[in-house]
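K.L.:
Predicted structure and sequence below. I'll ask about it afterward.
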Amino acid sequence: MHLSEFKKPQDIYVVINYLKGIDKKINIMEVCGTHTMAIAKSGIKSLLPPNIKLISGPGCPVCVTPSEEIDAVLELCKNNKNLIITTYGDMIKVPGSKPNESLERLKAQGQDVRIVYSALDAVDIAKENKEKDIVFLGIGFETTTPGTILALEEAINQKINNFYIYSMHKLVEPALRALLEQPDFDIDAFLCPGHVGAVIGEEGFEFLVKEYNKPSVICGFEAGDILIAIYKIVNQILNNRVELENEYKRVVKKEGNKIIKNKVETYFKVSDDLWRGLGLIQNSGLKLKDEFKEYDASKKFNITLKQSNINSACKCGDVIKGKIEPTICPLFGKVCTPENPVGPCMVSSEGACAAYYKYLVF
């Protein structure tokens, strides 16, 4: 059952009324920033009884990027005058470990920082500025990695020698494993991201049910998709079933996208990586293979991560881990707002704090 099977508006009300009649405490985590925003925008939380909770997890790639990575990018930008930093828009406001320091601030001070809407845009900038080095900040989970690969292939095919990638790409499965292995992790089930599923397939989420005994549903991004996924999860729990269900079959297949998976294996190696709130997670990041080191910004500019000593009341890390709701953070809506973000959860258009601020609180 998915959105297309709703024949009339009353069908949605049947599902809502069914869920309102459930009195069992159920905590469901969505691990996708797009789900977080869709849930907030559509008011789904207000339709559920208080005992069925939707909790945001590490689904926002900007949010999980640690301050050490941000600091490294800021240092790279400040120390190389012949450099153009290219990045997706969400990254530009993310603060580093020092107060009031971000790519946006450096841009205002005269550094050449440009927002791109595609990794291929960064390649075009490299073509147009052959006297400068162009660094593209590769960020995101399995869904944005293909775009970075397209840009890399374009640079290779056209023999562009001033284009570099700083890969901060991350993998969803290791992060979920790290969360699940925390002793105080109080989540009963998962809403799995449909766009990640389109790449890694149903099989990419099977570990949730086989190894951790957590009911899970791969879900689309419309309100109807999400409601049906919640309905399926509740049914599993009430009937003592643990399954991986695919509500998003119109997009997600069993094996995923083999072409993309093969390309990722061609260009990237799996590496240990730092996550905000979660620390170092084994085999959770993607770095360029050594045979493509001439396009690797970390090799070209000798980028190293330095320990960050953040002393802040920002609770973004706890929000990412699903330990608290954004409103519990003492800075939320006071010191920390979208116009003056203290942490990345308020910066990103997929961040839980931004979603709460825009739709659920103010």
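P.N.:
Yep, that arrived.
K.L.:
Next, give phi and psi for Ile165.
P.N.:
phi -120, psi 130 (degrees, to the nearest 10).
K.L.:
ok, it to Gly147 distance?
P.N.:
Ile165 sits 11 Å away from Gly147, going by CB to CB, to the nearest Å. In short, each C-beta sits where N, CA and C put it, glycine included.
K.L.:
Give me the more crowded residue out of the two.
P.N.:
The neighbour comparison of Ile165 against Gly147 (other CB atoms under 10 Å) goes to Ile165, with 27 against 16.
K.L.:
residues contacting that one?
P.N.:
Ile165 sits next to Val135, Phe136, Gly138, Thr148, Ala151, Leu152, Leu288, Tyr295, Asp296, Ala297 when contact means CB atoms under 8 Å, 6 or more residues apart in numbering.
K.L.:
max-length strand in this protein?
P.N.:
In the chain, with assignment by DSSP state E, the single longest strand is strand 279-288.
K.L.:
Which positions in the helix or strand just after that strand come out as buried?
P.N.:
Scanning forward in sequence from strand 279-288 by DSSP states H and E, the next helix or strand is helix 297-300. Across helix 297-300, burial judged by 16 or more other CB atoms under 10 Å covers Ala297, Ser298, Lys300.
K.L.:
so can I have a markdown table of those showing pLDDT and distance to Ala108?
P.N.:
Formatted as a markdown table, these follow (pLDDT from 0 to 100; distance: CB to CB, whole Å):
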| residue | pLDDT | distance to Ala108 |
| --- | --- | --- |
| Ala297 | 97 | 23 |
| Ser298 | 96 | 26 |
| Lys300 | 96 | 26 |
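K.L.:
Buried ones among the contacts of Ile165?
P.N.:
Among the contacts of Ile165, those buried by neighbour count (16+ other CB under 10 Å) are Val135, Phe136, Gly138, Thr148, Ala151, Leu152, Leu288, Tyr295, Asp296, Ala297.
K.L.:
my guess is the fifth one contacts Ile125, does it?
P.N.:
It stands for Ala151. No - taking CB atoms under 8 Å as the definition, Ala151 is not a contact partner of Ile125, at 10.7 Å.
K.L.:
Could you pull out the helices in the stretch 151-300 of the chain for me?
P.N.:
Along the stretch 151-300 of the chain, the segments classed as helices by DSSP state H, counting those that start in this stretch run 172-180, 194-200, 207-210, 223-238, 258-267, 297-300.
K.L.:
Looking at those helices, which is nearest to Lys107?
P.N.:
Within the helices of the stretch 151-300 of the chain, the stretch nearest Lys107 is helix 297-300; the backing value is 18.2 Å (CB to CB).
K.L.:
quick one on the thing from earlier: export the contacts of Ile165 as a markdown table, with columns for distance to Tyr356.
P.N.:
Shown next, in a markdown table, are the contacts of Ile165 (distance: CB to CB, whole Å):
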| residue | distance to Tyr356 |
| --- | --- |
| Val135 | 33 |
| Phe136 | 31 |
| Gly138 | 28 |
| Thr148 | 30 |
| Ala151 | 34 |
| Leu152 | 36 |
| Leu288 | 36 |
| Tyr295 | 39 |
| Asp296 | 37 |
| Ala297 | 34 |
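K.L.:
so which of those residues comes closest to Arg250?
P.N.:
For these, the closest approach to Arg250 (CB to CB) belongs to Thr148, at 26.2 Å.
K.L.:
any idea how far the closest one is from Ala119?
P.N.:
To Ala119, Thr148 is 5 Å away according to CB to CB.
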